[in-house]
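J.: Sharing a sequence plus its predicted fold:
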Amino acid sequence: MSTQVMVTLPDEVYRRAASLARLSGRRMSDVLADTIALSLPPLSPQADSAQPLSALPDEQVLALADAQMEPAQDQQLSRLLNQQQAGALTEAERSELFVLMQVYQERLLRRAQALHEAVRRGLRESLQP
């Protein structure tokens, strides 16, 4: 199921989207739909059911604040992003990129939240001067 939406874009954003559509041989609407989908992925069931950081012990908060993507996933994400930039993604690779972007974004959000909690508890110094 799809919902049609009318959106007004800044001229520069429109030009970039049009250029990407032209370079990749895709319709502008598909480029914009994919861009939005990658920017707003659904949260995984694990993210929805994650225990509040305030309930975790200090060690777990610090571990989450330092969490990194698995090296193999990180390398694959970089490779797929490079291929996307070159306009050379297959449908299967596009799906894989979407999943990896979701994993990356969820971990980045959880990491930021854990860092905030660590600073609140005095376990880490604030990044702001």
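T.: Structure's in. What do you need? It should be emphasised that the depicted structure is a prediction, and the values quoted were computed from it without experimental measurement.

J.: Roughly how far does residue 13 sit from residue 32?
T.: Per Cβ to Cβ, to the nearest Å, residue 13 is found 9 Å from residue 32. Just so you know, the C-beta spots here come from the backbone N, C-alpha and C atoms, and that holds for glycine as well.

J.: Also residue 71?
T.: 32 Å.

J.: Between those two, point out the one with more neighbours.
T.: Taking neighbours as other Cβ atoms under 10 Å, residue 71 and residue 32 compare with residue 32 leading, 18 against 8.

J.: just checking, that one touches residue 17?
T.: Yes: between residue 32 and residue 17 there is a contact under Cβ atoms under 8 Å: 5.7 Å.

J.: worst-scoring helix or strand of the chain, pLDDT-wise?
T.: helix 45-48 (a mean of 60; mean pLDDT, DSSP states H and E).

J.: give me the number of residues near residue 117?
T.: 21.

J.: How about residue 15?
T.: With other Cβ under 10 Å as criterion, residue 15 counts 11.

J.: Where does it fall, secondary structure wise?
T.: Per DSSP states H and E, residue 15 falls inside helix 11-24.

J.: for that helix, which positions count as buried?
T.: Within helix 11-24, the residues that count as buried by 16 or more other Cβ atoms under 10 Å are 17, 20, 21, 24.

J.: quick check, nearest of these to residue 66?
T.: Nearest to residue 66 among the buried residues of helix 11-24 is residue 20, at 34.8 Å by Cβ to Cβ.

J.: Tell me both backbone torsions, phi and psi, for residue 89.
T.: phi -90, psi 140 (degrees, to the nearest 10).

J.: what's it in contact with, if anything?
T.: By Cβ atoms under 8 Å, 6 or more residues apart in numbering, the residues touching residue 89 are 80, 83, 97.

J.: Looking at the buried residues of helix 11-24, which one is closest to residue 59?
T.: Of those, the one sitting nearest to residue 59 (Cβ to Cβ) turns out to be residue 20, at 44.0 Å.
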